[in-house]
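Asker: Need coordinates for the following:
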Amino acid sequence: MGRVRSCILSISLILLMYTRSSSAQIGLNWNRLRGELAEGALNTTTGDIQNVLTDILRQFQDFAPDLAGQLPIPGQGEGDVNATEGGEESPKPAPQFPPGFENLQYVSPVCLNHTLTLIGDFQAQKQYAKQMVYSSGSPIPNPSIEFSGLTADYGLFQQCRDVKKEHEGTPFDAEYCILSNYGPEGAQYHSAVCVPASCPDYDLRTIAYTLKGVLDIPVEFHFTCETRPSFTGGDIFVILWCVILGILMLSGTLYHLIKIHTEARKKSNAYEDAPEEACEEDGDHGDDKKVEELEPEDKENQPAAEGTGTDAEREVMNIQERGDDPKKESKSTDGKLGRMLMCFSIIHNFGKIFDISKQKGTLSALNGIRVISMFWIILGHTWQFLGTYRADNPLYMYTQLLPKFWAQTVLHAVFGVDTFFLLSGLLLAYLTLKALKKGDGKINWGLFIFHRFYRITPLYMLVLGVWSTFPAHIADGPTVQWIFHGARDTCRRLWWTNFLYINNLHPFPGDLGGQCMGWSWYLANDMQFFIISPIILYLLYKNRKIGFAVIGVILLISTCATIGISYHYGLNIGFNQKPFNNNTADHPTADHLYGKPYHRIPPYLIGIIVGYFLFKLEGKKFDIPRLAAGGMWLLAAGSALGLVYGLYNTTQGYIVPQGTTVFYYAVNTIVWGVAIGWVAFACIKGYGGPVNTILSWPVWTPLARLTFAAYLVHPLVQFVYVWSLPTAVPPTPAFMTYHVIAFIFVSYAVALVFSLAIEAPLMGLEKIWFKRH
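Answerer: Residues are numbered from 1 along each chain as shown. Next up, the predicted model:
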């Protein structure tokens, strides 16, 4: 009954949100609830329900003595028996429940007994019982919801868990649960409930649905109680691989140290020579020597751009003659096993990642573009994850902060991903066309595809394994089970779609929240673009007109598909605008455009065009009047800024017409690709001015080498922090800015660990295993 009263008081009061009297529904639809609160309807409802609860509790108080006598003492099982006069044993009679509550017979007797104890001890003002009751969240939204919009109260997570530890003589362990209820029109409210640990979630559901039947309230419930999952075969597999990688890193580093010590005894400069020769990895991070200089007359001042791991300079290493020096290989005193072990050396790989000695020229501007885009993406995700999910005043954020002009930078951070697509297409086209020229139009296309899969997939799958394993076991917070166990189950079902890079297409149309690692839609798109790129690039090399015609046809198909889909589904743009029709009513979160290749491919194709012209202009003087160059800069800057800040009026109540909305969807990725394409082209060809100076800052170089890993791990870092928070946080600009900086720092630190563990070693191993190919 302790469970019964606790749930009656909290669950029933939660239910009353959805009843105006005994039948009228309020629902946690924000606008409707705000109106009801303003009319004082919630107070009336509370009074009505309190009368109902008083009657219910009076019935239980009448039944409680008999009921308590029929329940087993805590620690005893349900099969307890009574001795008869003849010495025979007979089962105890079934407990009798008040009318309407007969389903409670299916609740664990131990659970009911513990909750009877809790109620009695709370009435007696025992500290442990008070701590349990007051650790629960508000059973109904506080009237301040009218001004805060906060639809969740997670109570006091740690205090609930520590009840028995802090109070000697506590008769049972406490359990922290989240009660999620879904009212009319999809309304939701989440509240913490601190209950006896002997009450599993199915007992809670039984009690809740019993009350639902008694009060005749149309609300659905879901309980999520804090439990640690058992280790599965998949968990053990991921942990085993992490241990193996750790052992290899330790072994490689020890081997490196021994080699340094040994060589130091032979010659004073051994540290520079021998260790570097051991793992054939010239320019592995960013492939410094694979991207040949754009201007032969200035070779010494034209270093390569670093890669994100998905960009072209990583895709063409094995299709290009890399010019490895066999004399250098012969100088190495290591055997093949030694060279392989050296590829895992932390010292060796750390030095490669943070080597900035070659950054003297203009192509390094791509590093700055890439890193700044990554910072922008982290900025957007910080506001999305921390602000949307854990803000203590969502209404303030949505009505006061995001409508600000500067907040458009946050709302349009997705253009950072379009920049990645542009850079990937640019570098792929430039390098592949050079390889075709060098190979007289021939390339091993099978190795071309395999190399791409080899470079990207191991790190991708390792992060996926970590995401689906470790947070569920080690993260600690009020919503950890709710979030990470769901993510774990999703990845167990759909990991293969990530492995095949079709997670943005299967199931179709799907939604980002239903994917394993929802942010990996970018990788799926990039791989899909890469797979079709050989046809485009080969045609460009053989016949420029046909190649450009194919690009034009693909762009036309992409634009028409975007126009048709955005119009059919009435997709909206801007801030807080409703769809133009109800064609998405059955699946409002469906991803019809956002993560789909037919919408995202334009920047990639524009990157291929820019890369083609860089290839054709290599070694040639390219002159453009300064006035024309300035005009192009103004046009590019105006276009990009217009895309980012042009929808500001929608935050002030302006409704964008559907025709304009469809046009925006059709051209926004194209315009962005052209704008950033000009920035890259101008910086490479000497028309970047101060912009190139900033983007070529050497500090971008090591960060660019870590950007692919940073993209993969930054949501993991953010989610573990956000969903482990014990309380909601204030979404103020200063608070969010500090967290953006912290997330950037931690994400790149974690990316460094992953890069040292698998990305960098595999780059070195590839040079050893496939050197002769």
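Asker: On the three-state scheme, residue 464 is what?
Answerer: helix (DSSP: H, G, I helix; E, B strand; the rest coil).
Asker: need the contact list for it.
Answerer: Residue 464 makes contact with 491, 495, 498, 516, 517, 520, according to C-beta atoms under 8 Å, 6 or more residues apart in numbering. C-betas here are computed from N, CA, C, even on glycine.
Asker: which residues sit in contact with the fifth one?
Answerer: Translated: residue 517. Residue 517 neighbours (C-beta under 8 Å, 6+ apart): 463, 464, 467, 491, 498, 503, 715.
Asker: What about the residues you listed, which are in helices?
Answerer: Assigned to helices by DSSP state H, the following of these qualify: 463, 464, 467, 491, 498, 715.
Asker: Return the distance of the last one relative to residue 464.
Answerer: The span separating residue 715 from residue 464 equals 12 Å under the rule C-beta to C-beta, to the nearest Å.
Asker: Export only the CA atoms of stretch 571-578, formatted as CSV.
Answerer: Once non-C-alpha atoms are left out, stretch 571-578 reads as follows in CSV (Å, rounded to 0.1, in the frame of the first residue of the first chain):
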residue,chain,number,x,y,z
LEU,A,571,7.6,21.5,-45.2
ASN,A,572,8.2,24.7,-43.4
ILE,A,573,11.2,26.9,-42.8
GLY,A,574,12.1,29.6,-40.4
PHE,A,575,11.3,29.7,-36.7
ASN,A,576,8.3,28.1,-35.1
GLN,A,577,6.3,27.8,-38.3
LYS,A,578,3.7,25.1,-38.9
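Asker: gap between that stretch and the chain center?
Answerer: 23 Å (C-alpha atoms, centre = their mean, to the nearest Å).
Asker: For it, which outside residues touch it?
Answerer: 398, 402-403, 411, 565, 579-580, 584, 592-593, 647, 649-651, 654-656, 661, 664-665.
Asker: Which of the residues you listed fall within helices?
Answerer: Checked against DSSP H, those include these in helices: 411, 565, 661, 664, 665.
Asker: Turn these into JSON lines, columns for neighbour count.
Answerer: JSON lines is the format used below for the ones in helices among the contacts of stretch 571-578 (neighbours: other C-beta atoms under 10 Å):
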{"residue": "411", "neighbour count": "20"}
{"residue": "565", "neighbour count": "18"}
{"residue": "661", "neighbour count": "21"}
{"residue": "664", "neighbour count": "19"}
{"residue": "665", "neighbour count": "19"}
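Asker: mind checking pLDDT for residue 73?
Answerer: At residue 73, the model reports a pLDDT of 41.
Asker: circling back to that earlier point, are any of the ones in helices among the contacts of residue 517 buried, and which?
Answerer: Listed as buried from the ones in helices among the contacts of residue 517 are 463, 464, 467, 491, 498, 715; burial here means 16 or more other C-beta atoms under 10 Å.
Asker: from the ones in helices among the contacts of stretch 571-578, which is closest to residue 138?
Answerer: Nearest to residue 138 among these: residue 411, at 30.9 Å, using C-beta to C-beta.
Asker: can you pull the contacts of the closest one?
Answerer: Here residue 411 is in contact with 380, 402, 575, 647 (criterion: C-beta under 8 Å, 6+ apart).
Asker: so the spatially closest residue to residue 509 that is not a sequence neighbour, which of the three states?
Answerer: Nearest residue to residue 509, sequence neighbours excluded (C-beta to C-beta, 6 or more residues apart in numbering): residue 590, at 4.7 Å. The three-state assignment at residue 590 reads coil, by three-state DSSP.
Asker: burial count for residue 590?
Answerer: Close neighbours of residue 590, defined as other C-beta atoms under 10 Å, add up to 17.
Asker: With only the CA atoms kept, save the strand or helix carrying residue 435 in CSV.
Answerer: Taking DSSP states H and E as the definition, residue 435 sits inside helix 415-438. What follows is helix 415-438 as a C-alpha-only set of coordinates in CSV (Å, rounded to 0.1, in the frame of the first residue of the first chain):
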residue,chain,number,x,y,z
PHE,A,415,25.5,24.5,-43.3
GLY,A,416,28.7,23.4,-41.6
VAL,A,417,28.0,19.8,-42.9
ASP,A,418,27.3,21.2,-46.4
THR,A,419,30.8,22.7,-46.2
PHE,A,420,32.2,19.2,-45.5
PHE,A,421,30.5,17.9,-48.6
LEU,A,422,32.0,20.7,-50.7
LEU,A,423,35.5,20.1,-49.5
SER,A,424,35.1,16.3,-50.0
GLY,A,425,34.0,16.7,-53.6
LEU,A,426,36.7,19.3,-54.3
LEU,A,427,39.7,17.3,-53.1
LEU,A,428,38.4,14.0,-54.5
ALA,A,429,38.0,15.6,-58.0
TYR,A,430,41.4,17.3,-57.9
LEU,A,431,43.4,14.3,-56.8
THR,A,432,41.6,11.7,-58.8
LEU,A,433,41.9,13.7,-62.0
LYS,A,434,45.6,14.0,-61.3
ALA,A,435,45.8,10.3,-60.8
LEU,A,436,44.0,9.7,-64.0
LYS,A,437,46.4,11.9,-65.9
LYS,A,438,49.4,10.2,-64.4
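Asker: the bottom helix or strand of the chain by mean pLDDT?
Answerer: Every helix and strand of the chain was ranked by mean pLDDT, DSSP states H and E. The lowest is helix 30-39, at a mean of 39.
Asker: tell me what the longest helix seen in the chain is packed against?
Answerer: Using DSSP H, we find that the single longest helix of the chain is helix 233-264. Counting contacts by 3 or more C-beta pairs under 8 Å, 6 or more residues apart in numbering; DSSP states H and E, helix 233-264 packs against helix 270-278, helix 336-342, helix 346-353, helix 445-467, helix 760-769.
Asker: For the fourth one, what is the distance to the chain centroid?
Answerer: On the basis of C-alpha atoms, centre = their mean, helix 445-467 is displaced by 19 Å from the centre of the chain it belongs to.
Asker: That helix vs helix 233-264, what angle?
Answerer: Computed by axes from the mean of the first three to the mean of the last three C-alpha atoms, to 10 degrees, the angle separating helix 445-467 from helix 233-264 equals 110 degrees.
Asker: Could you name the helices and strands sitting against the next helix or strand after helix 445-467?
Answerer: Under the assignment DSSP H and E, the closest C-terminal helix or strand after helix 445-467 is helix 470-474. For helix 470-474, the elements it packs on are helix 486-499, helix 707-722, judged by 3+ C-beta pairs under 8 Å, 6+ apart.
Asker: Let's see that with 10 Å instead.
Answerer: In terms of contacts (3 or more C-beta pairs under 10 Å, 6 or more residues apart in numbering; DSSP states H and E), helix 470-474 is packed against helix 233-264, helix 480, helix 486-499, helix 707-722.
Asker: Ok, which of these comes nearest residue 694?
Answerer: Using C-beta to C-beta, the nearest of the helices and strands packed on helix 470-474 to residue 694 is helix 707-722, at 17.2 Å.
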